[in-house]
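K.L.:
Here's a sequence, model it:
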Amino acid sequence: MDDRHTRLTWDDAGRVRQARWRSESQQPPAALRAVDDTLNANAAFRLANDGVGMVWRGDWPNARALLLALARRADRPPRTQAARAGAAPLPPPTPPEAFERHRAAQARRAILLNRLLVAVEPDHTLALRRAQDVRAALAEAWGPPDGEPALVPVRELQGLIGAHEWRKKGVEVPALAGRIHPHFGVFSPVRGEYLDLVARAPLPAGAEALAFDVGTGTGVIAALLARRGVRRIVATDLDPRALACAADNLGRLGLAERVELVAADMFPPGRAALVVCNPPWVPATPSAAIERAVYDPGSAMLRAFLAGLAARLAPGGEGWLVMSDLAEHLGLRTREQFLGWIAQGGLRVVARLDTRPTHRKAGDATDPLHAARSREVTSLWRLGGAA
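P.N.:
Numbering: from 1, shown residues only. Sure, this is the predicted structure:
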């Protein structure tokens, strides 16, 4: 959302304060109230449910403790009317229903937790007792101080701090034999199983000369192709944060001269013997900018890639599409639809490499989507022009 012109006003112990609203995903609350360490978690939860934004002016560690307490209350499953009346339990939801309920619960949780706010001073500091230094994290996410105060959800501020730490330490990528340093707002390559597929798929003839990486993000696939011996890679992305992140990572790895970064919605000009894309895999609406790496409304990016791929392949070239089939297990897309889009694009399946996800949720039986996640397969589809 564009928050450049949204200003909020509240009463802080008799002093009227005003600040710019800063949030990547949430609309500002309708009402604001200054609160401190005397506010207990139950009262805070009631205020959050009433739509009140609580501007914290107490001890900073206590703000983080209150956020955890609010999260525990938000995560309690609501009792249905049938359960309250002692009626028989409802039948289990279908996979699409389970997904919709899960997304609705996630959205409600985010709204409630993001009603605990903190004021950031014009120099990017927190004027709170025992406040940590957040200036570096805010400079990376927001740019240098602009001379005006800001109001930000504590939960999002913690996300900025976490992103700063991820950027400093980086993420080890075994397939790359190196580390990738994700920037704030750019999806981290924490699901390494798909990178293993890119590392072991046989390169098509001519790929050593030129490959395209569509939707490069952190630049990890472009770096991996360069490590495999591809002499020139053209990597595209529409997000300036992603292009800056990719440039940083490629420079750290000593691969900047091999990769040309291009601001583009999909393909760069020309044709290549290899075109790689790892699009969002779930056809649903993202609720925050970073979720665009996961959620693709109407499978728009996937369909655009498949529709335009044949025209970007050199003779005998291949398109590598890295996709999870989670959407199929959730009932949001069928395999028949997916294969139909491949055929409509004038493409054929040359081969497919499969792997099982290794992320934590894949084995978490308490996850609301466990039935689908436990069957998920990630595949690298090797696609060629129609014979």
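
K.L.:
Only the C-alpha atoms, please, for stretch 269-280, written as CSV.
P.N.:
Provided in CSV are the C-alpha atoms of stretch 269-280 (Å, rounded to 0.1, in the frame of the first residue of the first chain):
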residue,chain,number,x,y,z
PRO,A,269,14.3,-9.6,-25.5
GLY,A,270,15.7,-12.4,-27.7
ARG,A,271,15.9,-16.2,-27.4
ALA,A,272,17.9,-18.5,-25.2
ALA,A,273,18.7,-22.2,-25.1
LEU,A,274,17.6,-22.3,-21.5
VAL,A,275,14.8,-20.2,-19.8
VAL,A,276,14.2,-20.9,-16.1
CYS,A,277,11.3,-19.7,-14.0
ASN,A,278,10.3,-20.5,-10.4
PRO,A,279,6.9,-18.7,-10.2
PRO,A,280,4.5,-18.5,-7.3
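
K.L.:
would you say residue 152 is within a helix?
P.N.:
No - under DSSP: H, G, I helix; E, B strand; the rest coil, residue 152 falls outside any helix and is assigned strand.

K.L.:
OK, contacts around it?
P.N.:
Residues near residue 152 by Cβ atoms under 8 Å, 6 or more residues apart in numbering: 22, 23, 117, 118, 120. Heads up, the C-betas are built off the backbone N, CA and C, glycines and all.

K.L.:
which one of the residues you listed has the most neighbours?
P.N.:
Among the contacts of residue 152, the one with the most neighbours (other Cβ atoms under 10 Å) is residue 117, at 30 neighbours.

K.L.:
how far away is that one from residue 23?
P.N.:
Residue 117 is 9 Å from residue 23, where distance means Cβ to Cβ, to the nearest Å.

K.L.:
again, but for residue 331
P.N.:
Using Cβ to Cβ, residue 331 is found at 32 Å from residue 23.

K.L.:
Show me this structure divided up by domain.
P.N.:
Domain ranges of the chain: 7-166, 171-385, per automatic domain parsing.

K.L.:
and among the ones you listed, the most buried is which?
P.N.:
domain 171-385 (a mean of 19; mean count of other Cβ atoms under 10 Å).

K.L.:
In strands only, show me the contacts of residue 152.
P.N.:
Counting by DSSP state E, those place 117, 118, 120 in strands.

K.L.:
which residues are in contact with both of residue 117 and residue 23?
P.N.:
Between them, residue 117 and residue 23 share the contacting residues 152, 153, judged by Cβ under 8 Å, 6+ apart.

K.L.:
Sheet partners, orientation included, of the helix or strand harbouring residue 317?
P.N.:
Residue 317 is part of strand 313-324 when elements are defined by DSSP states H and E. Looking at strand 313-324 with DSSP bridges, its partner strands are strand 272-277 (parallel), strand 378-385 (antiparallel).

K.L.:
next helix or strand past the first one?
P.N.:
Following the chain from strand 272-277 toward its C-terminal end, the next helix or strand by DSSP H and E is helix 300-308.

K.L.:
quick one on the thing from earlier: let me have the domains of the chain in TSV, extended by mean pLDDT.
P.N.:
Below are the domains of the chain laid out as TSV (pLDDT from 0 to 100):
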stretch	mean pLDDT
domain 7-166	91
domain 171-385	93
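
K.L.:
where do the helices sit along this protein?
P.N.:
Here the chain has its helices, by DSSP state H, at 41-49, 60-74, 81-84, 95-113, 135-142, 154-169, 193-200, 220-227, 240-252, 300-308, 326-329, 335-344, 370-373.

K.L.:
Of those helices, which is nearest residue 289?
P.N.:
Of all these, helix 240-252 sits nearest to residue 289, with 8.5 Å by Cβ to Cβ.

K.L.:
Would you pull up how far that closest one lies from the middle of the chain?
P.N.:
The chain centroid and the centroid of helix 240-252 are separated by 17 Å under Cα atoms, centre = their mean, to the nearest Å.

K.L.:
by how many degrees do that helix and helix 154-169 diverge?
P.N.:
Going by axes from the mean of the first three to the mean of the last three Cα atoms, to 10 degrees, helix 240-252 is angled at 20 degrees with respect to helix 154-169.

K.L.:
got the contact list for helix 240-252?
P.N.:
179-186, 216-220, 222-223, 226, 235, 237, 256, 258-259, 261, 263.

K.L.:
Output it as CSV, restricted to C-alpha atoms.
P.N.:
Taking C-alpha atoms only, helix 240-252 is exported to CSV below (Å, rounded to 0.1, in the frame of the first residue of the first chain):
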residue,chain,number,x,y,z
PRO,A,240,13.5,-2.9,-7.6
ARG,A,241,14.2,-4.5,-4.2
ALA,A,242,14.7,-7.8,-5.9
LEU,A,243,17.0,-6.4,-8.6
ALA,A,244,19.1,-4.6,-5.8
CYS,A,245,19.2,-7.9,-3.8
ALA,A,246,20.3,-9.9,-6.8
ALA,A,247,23.0,-7.4,-7.7
ASP,A,248,24.3,-7.6,-4.1
ASN,A,249,24.4,-11.4,-4.0
LEU,A,250,26.0,-11.8,-7.5
GLY,A,251,28.6,-9.3,-6.5
ARG,A,252,29.3,-11.1,-3.2
